[in-house]
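> could you work out the structure for the sequence below:
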Amino acid sequence: MRNTQKISMNEELRRWIKETQHDIKIRKEKKKNEPVKKPEGKCEICGEKKAEHVCLKCGRAVCKSCYFKIIGICKKCVPPEIASKWDGSKPDWEKKLGVEWIG
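The predicted structure is shown next:
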């Protein structure tokens, strides 16, 4: 991937993360007094694997394969163009998505 493509994608990813963090913060503030939801049963996305996480954005109980642990949200809440590049494994994100880690 060329450097200009990486820079453009990095800027887009930074903007998306900033927007997502704001949404998550608002939802967390609204849910402070609610009991913490624990994942139960099957994944609400694939319906096959055991749910192990709860999406911070939408509250779905999801399996490891349908969850972006690094950002705490499910693949339904990730833009389709990013989710389609993710196969559930633990890839080298910089190579896979052409982006740098954001600190």
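> tell me how many other residues crowd residue 79.
Using other CB atoms under 10 Å, the number of residues around residue 79 comes to 12. C-beta coordinates here come from the backbone N, C-alpha and C atoms, glycine included.
> for residue 47, same thing?
Neighbours around residue 47, by other CB under 10 Å: 11.
> how about the contacts made by residue 55?
Residue 55 makes contacts with 62, 67, 72-74, 76-77, as judged by CB atoms under 8 Å, 6 or more residues apart in numbering.
> mind saving the C-alpha coords of stretch 66-81 as PDB?
C-alpha atoms of stretch 66-81 as PDB (Å, rounded to 0.1, in the frame of the first residue of the first chain):
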ATOM      1  CA  CYS A  66     -17.700 -10.800  16.000                       C
ATOM      2  CA  TYR A  67     -15.900  -8.400  18.400                       C
ATOM      3  CA  PHE A  68     -13.100  -5.900  18.000                       C
ATOM      4  CA  LYS A  69     -11.600  -6.300  21.500                       C
ATOM      5  CA  ILE A  70      -9.100  -3.500  20.900                       C
ATOM      6  CA  ILE A  71     -11.900  -0.900  20.600                       C
ATOM      7  CA  GLY A  72     -14.600  -2.800  22.500                       C
ATOM      8  CA  ILE A  73     -17.300  -2.900  19.800                       C
ATOM      9  CA  CYS A  74     -18.900  -5.600  17.600                       C
ATOM     10  CA  LYS A  75     -18.400  -5.900  13.900                       C
ATOM     11  CA  LYS A  76     -22.000  -4.600  13.300                       C
ATOM     12  CA  CYS A  77     -20.900  -1.300  14.800                       C
ATOM     13  CA  VAL A  78     -17.700  -1.000  12.800                       C
ATOM     14  CA  PRO A  79     -18.000   0.500   9.300                       C
ATOM     15  CA  PRO A  80     -18.500  -2.200   6.700                       C
ATOM     16  CA  GLU A  81     -15.400  -1.300   4.800                       C
END
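> perfect, that will be all.
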